[in-house]
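> curious how this folds, go ahead:
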Amino acid sequence: MKAALRTIALGVVGFSAIGGTLYWATHRPRPVVAPRADTTPLTIDKTVVAGEATAYPVGAAPIESTRAEVAARVEAAYAASKAKAEAEKLAAHANLPELPLEDLISRSLPAVVRVETSDGLGTGFFVSPDTILTNVHVVGGSGSVTIRRAGGATQIARVEATAPELDIAVVHIGTPNPDQPTLPMGSASHARAGQEVIALGSPLGLQNTVTRGIVSAVRQVGTLTLVQTDAAINPGNSGGPLIDRTGQVIGITSLGIRSTVAQGLSFAIAIEHAKALLAGNRAPSATGTPLTTLNQAMNGRAPTDADQSRERASKGYEDAIAAVARRADQLDDRWRSFVRVCYEGQVGTGFDRPWFALWDARAMKGAVSPGCAGTFDDIRRVADDIRGAIGALDEAARQADIYPGTRRDMLRRYRLDLR
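Prediction:
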């Protein structure tokens, strides 16, 4: 019995000793050790995609000073990459062969189309199978236009975006032809005075017309870059491509000046502006139009306070008219449904908006179907509200000294000219 008790006592003592050792090992105070400096080199992965540089550290997170150094290195890498890309672009452009004139024209013309609207016609050109570039003053306020190809085939296309301050409009084809010829966009910055250029378009409605000239100058007018040329530009050429002898578009033909003191003075909007617009990089601070900007430059004067006030008022007027036009677009759809379902008889056509017929007794040759009187009254109320808004805006614009021609052009652009 005593031997057994002795054995148990020794076991308890031994277990306690082991437990104490473990507790001391796990709970004993640890010496304070200075953190080891991270000697892992900080590497930068410079990836340039679409003109952007990204960088990230590999290893431990950098301290603030290192982050500043990284940012500086990335910025330098980005600047170097842009310079390299520009140099490569210049070299590539310099290495492009100049094509024989006949081959260049026959290759380019299938990409050029005539743009037709209810107010007139102009020119456009394909930069991708579903995208056409032209001028804002060609499409006016139309939501859709008719595209006539070189062979005579026509197609309806949607006006997708407009930039009046650049006079550039983007037109979209809903069902594109994957084999549609296109024109490559070059750069006006590469153009040199005396360089040969070709303008393609539909002057005075004559489709597939070619004129040739030289670059007279590349002018920077405010934020706008214009290519001046002596190539013959006539009404109908607007919106067409100005191409160099390599077949690349350097500008969009926009305006020509004809007077007793100025001959052969035509301008194209630098293609760089169209590239930026297609990329979604429209400059919100730009105002006016290429013509007003050019007039100021040619007159050699800065805009007066009255000019600036009128310009701001014109911009505000256009914004307000555009808002009314969006409401009018909705009424277009309701009116078409009403005429199809609820009107017995003929409704006159030829109006900018089909429901303008409401205010022409000769156009409404029929009667409202039974049960549709409430719908008709509601449509008429909305139409009267829109007409009232247009009248109020026009009066405010008159008091703000906006020129009558400017007001009329804006109303026509948005198909709200009630006259």
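> which residue ranges of the protein form helices?
Per DSSP state H, the chain carries helices over the ranges 2-27, 64-95, 101-108, 136-139, 271-278, 290-299, 305-342, 373-399, 404-413.
> which of the ones you listed has the lowest average pLDDT?
Mean pLDDT values for the helices of the chain show the minimum at helix 2-27, a mean of 44.
> name the residues of the lengthiest strand in the chain that are buried.
In the chain, assigned by DSSP state E, the strand with the most residues is strand 209-221. Across strand 209-221, burial judged by 16 or more other C-beta atoms under 10 Å covers 209, 210, 211, 213, 214, 215, 216, 218. (Glycine included, C-beta is placed from N, CA and C.)
> which members of these are the farthest-apart pair?
The distance between the two most remote of those (C-beta to C-beta) is 24.3 Å, for 209 and 218.
> strands along the stretch 151-300 of the chain, start to end?
Along the stretch 151-300 of the chain, counting by DSSP state E, counting those that start in this stretch, strands occupy 154-163, 168-172, 196-201, 209-221, 224-229, 241-244, 249-257, 265-270.
> just to revisit the earlier point, using a markdown table, lay out the buried residues of strand 209-221 together with pLDDT and distance to residue 171.
Shown next, in a markdown table, are the buried residues of strand 209-221 (pLDDT from 0 to 100; distance: C-beta to C-beta, whole Å):
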| residue | pLDDT | distance to residue 171 |
| --- | --- | --- |
| 209 | 89 | 20 |
| 210 | 93 | 22 |
| 211 | 92 | 23 |
| 213 | 92 | 26 |
| 214 | 93 | 29 |
| 215 | 94 | 27 |
| 216 | 91 | 29 |
| 218 | 91 | 26 |
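> pretty sure residue 231 contacts residue 198?
Yes. Residue 231 lies in contact with residue 198 (C-beta atoms under 8 Å); the separation is 7.1 Å.
> who touches both of those two?
Common contacts of residue 231 and residue 198, defined by C-beta atoms under 8 Å, 6 or more residues apart in numbering, comprise 211, 212, 242.
> hmm, back to that, contacts for the longest strand of the chain?
101, 105, 109, 188-189, 191-203, 225-233, 237, 264-266, 270, 293-294, 296-297.
> and for residue 336, the neighbour number?
Residues lying near residue 336 (other C-beta atoms under 10 Å) number 12.
> before we move on, what about residue 198?
20.
> and the gap between the residue lying closest to residue 407 once chain neighbours are set aside and residue 316?
Nearest residue to residue 407, sequence neighbours excluded (C-beta to C-beta, 6 or more residues apart in numbering): residue 397, at 5.2 Å. As defined by C-beta to C-beta, to the nearest Å, residue 397 lies at a distance of 9 Å from residue 316.
> among these two, which residue is more densely surrounded?
A count of neighbours by other C-beta under 10 Å puts residue 397 above the other of residue 397 and residue 316, at 24 against 15.
> how about residues contacting stretch 406-413?
Under the contact criterion C-beta under 8 Å, 6+ apart, stretch 406-413 has outside partners 119, 136, 140-141, 314, 317-318, 321, 352, 390, 394, 397-398, 417-418.
> swap the cut-off to 7 Å and go again
119, 140, 141, 314, 317, 318, 321, 394, 397, 417 (C-beta atoms under 7 Å, 6 or more residues apart in numbering).
> and the third one, what is it in contact with?
Neighbour list for residue 141: 412, 413, 414, 415 [criterion: C-beta under 7 Å, 6+ apart].
> now swap in the fifth one and tell me
With contacts defined as C-beta under 7 Å, 6+ apart, the neighbours of residue 317 are 393, 397, 402, 410.
> dump the residues you listed to a markdown table, plus distance to residue 308.
Formatted as a markdown table, these follow (distance: C-beta to C-beta, whole Å):
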| residue | distance to residue 308 |
| --- | --- |
| 393 | 21 |
| 397 | 16 |
| 402 | 13 |
| 410 | 19 |
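> list just the nearest of those residues to residue 153.
The nearest member of the contacts of residue 317 to residue 153, counting by C-beta to C-beta, is residue 410 at 32.7 Å.
> for the closest one, give its distance to residue 397.
From residue 410 across to residue 397, the span is 9 Å (C-beta to C-beta).
> and for residue 192?
Counting by C-beta to C-beta - residue 192 and residue 397 are separated by 44 Å.
> domains of the chain?
With domains defined by automatic domain parsing, the chain comprises 47-95, 98-300, 305-413.
> tell me which of the ones you listed is the most buried.
domain 98-300 (a mean of 19; mean count of other C-beta atoms under 10 Å).
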